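Colleague: Task: produce atomic coordinates for the following.
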Amino acid sequence: MTPDHDILIAGGGLNGPALALALAGAGFSVAVIDAQAPRARAADDFDGRAYALALASRRLLTALGLWADLAPRSQPILRVEAAQGHPGEGAGAFRLTFDSAEIEEGAVGHMVEDRYLYAALMKAMAGRVTHVPATQVVAQEVRPGHVAATLSDGRTLTARLLVGADGRGSGVAARAGIPRRGWGYGQTALVAAVDHDRPHGGTAWQYFMPTGPLAILPLPGNRSSIVWSEPDAAARAIAALDDQAFLDLLRPRFGDFLGAIRLAGPRFSYPLSLSLADAHVAPRIALVGDAAHGVHPIAGQGLNLGLRDVAALAEVLADAARRGEDIGAPDVLARYQGWRRFDSTALGLGMDSVNKLFSNDNPILRTARGLGMGAVTATGPLRRAFMRQAAGLSIDPMPRLLAGRPL
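Modeller: Numbers count the residues shown, from 1 in each chain. Prediction:
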C-alpha cells in the first residue's frame with residue numbers, strides 16, 4: 001500500500017514542528033498531530049515563558065529559514081555568571097564566568113519567548129506540512145512496510161515512520177513498549193518574568209542556592225526571565241502567594257544588582273524530574289525531545305537537546321532516502337539512536353549530578369564547589385571547552401542543520 005504520508009509526528013510543541021519543517025525541506029510528506037488548538041500558544045500578549053537557545057540551535061533555526069524574523073525579537077546572551085549563594089547574602093566569593101567573546105562565534109546563545117518561536121513554527125508549516133490540531137494519536141500499529149496511527153477524531157493515518165515528540169508522558173513510546181527510567185528531584189520550578197530598573201547587559205545568571213538553583217535569564221529591554229527551584233512543599237506555598245508576597249520572597253534571592261524588580265506577567269510552576277527512555281527507537285518508531293529525555297532545567301538545555309535530536313534524525317532520514325533505503329527500517333533508525341542516545345543520556349545525568357552536588361549546604365562541598373568554579377574560570381582552555389559545550393559546538397559529528405547548513 002501507499003502510506004498517507006512519509007512521516008507522522010505526534011506532538012505539536014516545538015520539537016515536532018521543527019522536525020516537520022526540516023523533513024519537509026528534504027522532500028518528505030509530513031503530518032503533525034497536535035493536541036493544541038491552532039492558536040492556543042500564539043497569543044500576542046507577553047506571558048513570561050522563554051527559552052535559552054544555544055548557538056547551535058540558532059543555526060538550526062537559520063537553516064530552517066526562521067531566524068531572520070526571530071532575531072529582532074531575541075536577546076543575545078553575551079555573558080554567563082554562575083555562583084553559589086544564600087538568600088540575602090548575594091553571590092559567593094568564587095564565580096564561574098563565561099564571556100562569549102572568547103569563543104569568537106558570536107553570542108553563546110539567545111533568549112526567545114515561547115510565543116514568538118511557536119508562532120514562527122506555525123507560520124512556516126502552513127502550506128508545507130499537514131497540521132492536524134486539537135487531535136491526539138490514541139493508538140498505533142506497526143504493519144508490513146508502514147505504521148498506522150489512530151487519532152482521537154476517529155481517523156487512521158498511515159506513514160513509513162511515526163515520531164513521538166509528545167513529551168515525557170509519551171503515548172507513542174508507551175505503546176511501542178519503550179520503558180522509562182528516572183526519578184523526581186523533590187523540587188518544583190517557579191517560572192516568571194520581571195522588569196527591572198537597570199540593564200542586564202545580556203548577562204545570564206545561575207545562582208546555586210542550598211534549596212535549588214535560581215536562573216536569571218536576560219530578555220529584550222530591562223526584563224529577565226526567572227526559573228526558581230525550591231523543594232516541592234515550599235514551592236507550593238510560594239506559588240499560592242499573591243504577587244507582592246511572591247516578590248518579597250524573590251528579592252533576597254534575586255539581589256539588587258538590577259535595581260528594583262516587578263512582575264512582568266503571569267507565574268507558572270512545574271515539578272522537576274529526570275525521565276530517560278530506555279531506547280530512542282522501536283520498529284517504525286523514533287522519539288525526539290522530552291519523549292526521549294526529560295532533564296533538569298539547570299543549564300537550560302531541554303529544548304536544545306530536543307533540537308539536537310531533530311537535526312540528527314532529519315539528517316539520518318534524508319540521507320537514507322537519497323540512498324533508496326526504507327526510512328523506517330531498523331538499521332536506519334539504529335543510526336539515529338547511535339548518534340543521539342549517549343549524548344542525551346550523558347548530558348541528562350550530568351545535569352542531575354550538578355543539581356545534587358549544589359542543592360545542599362554542606363560546608364565541605366560548598367568549599368570544594370567554590371574552588372572548582374574558581375579553577376575553571378581561571379583556566380582558559382577548560383573555560384572555553386565548557387563554553388563550547390554550552391553553545392552546542394562540541395557535538396561530534398555535528399549534524400548539518402546545527403552547523404547552519406541545509407540537509
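Colleague: ok, now how distant is residue 58 from residue 206?
Modeller: Distance of residue 58 to residue 206, given as Cβ to Cβ, to the nearest Å: 20 Å. All C-beta spots, glycine's among them, are computed from the backbone N, C-alpha and C.
Colleague: Oops, could you answer that again for residue 324 instead?
Modeller: Taking Cβ to Cβ, one finds residue 324 at 48 Å from residue 206.
Colleague: If you count surrounding residues, which of the two has more?
Modeller: residue 206 (20 against 6; other Cβ atoms under 10 Å).
Colleague: tell me which element that one is part of?
Modeller: strand 203-209 (DSSP states H and E).
Colleague: so where is the protein shaky, pLDDT-wise?
Modeller: 39-45, 85-86, 88-94, 104, 299-300, 351-391 (pLDDT under 70).
Colleague: let's see it at 90
Modeller: Across the chain, residues meeting the criterion (pLDDT under 90) sit at 1, 36-49, 80-108, 182-185, 206-213, 265, 274, 294-302, 341-396.
Colleague: residue contacts, residue 106?
Modeller: Residue 106 is in contact with 55, 76, 100, counting by Cβ atoms under 8 Å, 6 or more residues apart in numbering.
Colleague: Leaving out chain neighbours, which residue sits closest to the last one?
Modeller: What sits nearest to residue 100 in space, not counting adjacent residues and going by Cβ to Cβ, 6 or more residues apart in numbering, is residue 108, at 4.2 Å.
Colleague: Okay, and the beta partners of residue 274?
Modeller: Note on residue 274: beta-bridge partners residue 183, judged by DSSP bridges.
Colleague: For it, the count of nearby residues, please.
Modeller: 20.
Colleague: How about residue 124?
Modeller: 21.
Colleague: That one: helix or strand, and which one exactly?
Modeller: Going by DSSP H and E, residue 124 is in helix 114-125.
Colleague: Buried residues in that helix, which are they?
Modeller: Using 16 or more other Cβ atoms under 10 Å as the test for burial, helix 114-125 gives 114, 115, 116, 117, 118, 119, 120, 121, 122, 124, 125.
Colleague: Against residue 132, how distant is the second one?
Modeller: Per Cβ to Cβ, residue 115 is found 22 Å from residue 132.
Colleague: Spell out for me which residue occupies the centre of the chain.
Modeller: Taking Cα atoms, centre = their mean, the centroid of the chain lies closest to residue 303, which sits 1.4 Å from it.
Colleague: which stretch of helix or strand covers that residue?
Modeller: Going by DSSP H and E, residue 303 is in helix 302-322.
Colleague: Skipping adjacent residues, who's closest to residue 291 in space?
Modeller: Of all residues not flanking residue 291 in the chain, residue 170 sits nearest, at 3.7 Å (Cβ to Cβ, 6+ apart).
Colleague: check contacts around the one you found.
Modeller: Counting by Cβ under 8 Å, 6+ apart, residue 170 has contacts 164, 277, 287, 290, 291.
Colleague: give the contact list for the last one.
Modeller: Put plainly, it is residue 291. The contact partners of residue 291, by Cβ under 8 Å, 6+ apart, come to 11, 164, 165, 166, 167, 168, 170, 172, 173, 277.
Colleague: Over to the fourth one. Which of the three states is it?
Modeller: Read that as residue 166. coil (DSSP: H, G, I helix; E, B strand; the rest coil).
Colleague: Could you list which residues are in contact with it?
Modeller: Residues in contact with residue 166 (Cβ under 8 Å, 6+ apart) are 10, 11, 16, 35, 136, 137, 172, 291.
Colleague: what does the last one give?
Modeller: With contacts defined as Cβ under 8 Å, 6+ apart, the neighbours of residue 277 are 170, 173, 178, 179, 180, 287, 291, 292, 293.
Colleague: any idea how far it is from residue 308?
Modeller: 15 Å.
Colleague: Check the first one too.
Modeller: When Cβ to Cβ is the yardstick, residue 11 and residue 308 sit 16 Å from each other.
Colleague: ditto for the fifth one
Modeller: Relative to residue 308, residue 167 is positioned 17 Å away (Cβ to Cβ).
Colleague: out of those two, which sits in the busier spot?
Modeller: Neighbours were tallied for residue 167 and for residue 308 using other Cβ under 10 Å; the higher tally belongs to residue 308 (29 against 20).
Colleague: Report the inter-axis angle for the longest helix along the chain versus strand 203-209.
Modeller: Longest helix in the chain by number of residues (criterion: DSSP state H): helix 330-358. Orientation check (axes from the mean of the first three to the mean of the last three Cα atoms, to 10 degrees): helix 330-358 against strand 203-209 gives 60 degrees.
Colleague: Going by contacts, tell me the helices and strands next to helix 330-358.
Modeller: Here helix 330-358 touches strand 212-219, strand 268-277, strand 281-282, strand 285-287, strand 293-294, helix 302-322, helix 363-378, going by 3 or more Cβ pairs under 8 Å, 6 or more residues apart in numbering; DSSP states H and E.
Colleague: Select, out of these, the one closest to residue 159.
Modeller: With Cβ to Cβ as the criterion, residue 159 lies closest to strand 285-287 of those, at 10.8 Å.
Colleague: quick revisit: now, which of the contacts of residue 277 sits nearest residue 96?
Modeller: Among the contacts of residue 277, and counting by Cβ to Cβ, the member closest to residue 96 is residue 293, at 24.5 Å.
Colleague: what sits against the closest residue to that closest one other than its chain neighbours?
Modeller: Take residue 293 and drop its neighbours on the chain: the residue closest to it by Cβ to Cβ, 6+ apart is residue 344, 4.4 Å away. Going by Cβ under 8 Å, 6+ apart, residue 344 touches 276, 280, 292, 293, 305, 308, 309.
Colleague: Having no further points to raise, I will conclude here.
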